[in-house]
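Engineer: Build me a model:
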Amino acid sequence: MSLFSVFNIAGSALNAQTIRLNTTASNLANSESVDGDASKVYRARHPVFQTMMDSPDASSADPDGAVAGVRVLGVVQSTTEPVKRYDPNNPVANKDGYVYMSNVNAIEEMTNMISANRSFATNVEAINTARDLLLKTIAMGH
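Structural biologist: Now for the predicted structure:
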């Protein structure tokens, strides 16, 4: 793998972590939402990632021709049931006086945010290190 591949791999990881952070922020922003209908209340969303390891030329025996990284397959909605709470004074309560609360677990989401932030920072550091190594290699020629 060439040193230039580091930029593509870390770049795809930065993109994945950005999506993870945005999804987590959306979940936290909607964590206190309620609705009188369980099917309409906000449900937590989570991105799904896949490791990429594709060879651009299948007949090529050169391992340096491989493309690696992280692919975002999509964002899925949690299947965990929303919390049902009796609150007849709530304006969105159903006819029986119940509201359904979002199934977002704020502690899980904060942990997710910290993890994504650390992964993002690690990939930025990998890019900076690769850049410094390339600059030093170029400087050796002078």
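
Engineer: in the sheet, who's paired with V83?
Structural biologist: M101 (DSSP bridges).

Engineer: How many residues are close by it?
Structural biologist: Counted by other C-beta atoms under 10 Å, the residues lying close to V83 total 13. Placement of C-beta: from N, CA and C, glycine included.

Engineer: So which bits of the strand or helix carrying N15 are buried?
Structural biologist: In the assignment (DSSP states H and E), N15 maps to helix 5-29. Using 16 or more other C-beta atoms under 10 Å as the burial criterion, the residues of helix 5-29 that qualify are 5-6, 9-10, 12-14, 16-17, 19-21, 23-24, 26-28.

Engineer: Also stretch 34-44?
Structural biologist: Applying 16+ other C-beta under 10 Å to stretch 34-44 flags 34-36, 38, 41-44 as buried.

Engineer: Quick one: the helices in the chain, in order.
Structural biologist: Assigned by DSSP state H, the helices in the chain fall at 5-29, 106-140.

Engineer: could you dump those helices to TSV with distance to V75 and mean pLDDT?
Structural biologist: Converted to TSV, the helices of the chain look like this (distance: least, C-beta to C-beta, whole Å; pLDDT from 0 to 100):
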stretch	distance to V75	mean pLDDT
helix 5-29	6	95
helix 106-140	13	94
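
Engineer: so which of those helices gets nearest V72?
Structural biologist: Nearest of those to V72, taken as C-beta to C-beta: helix 5-29 at 5.5 Å.
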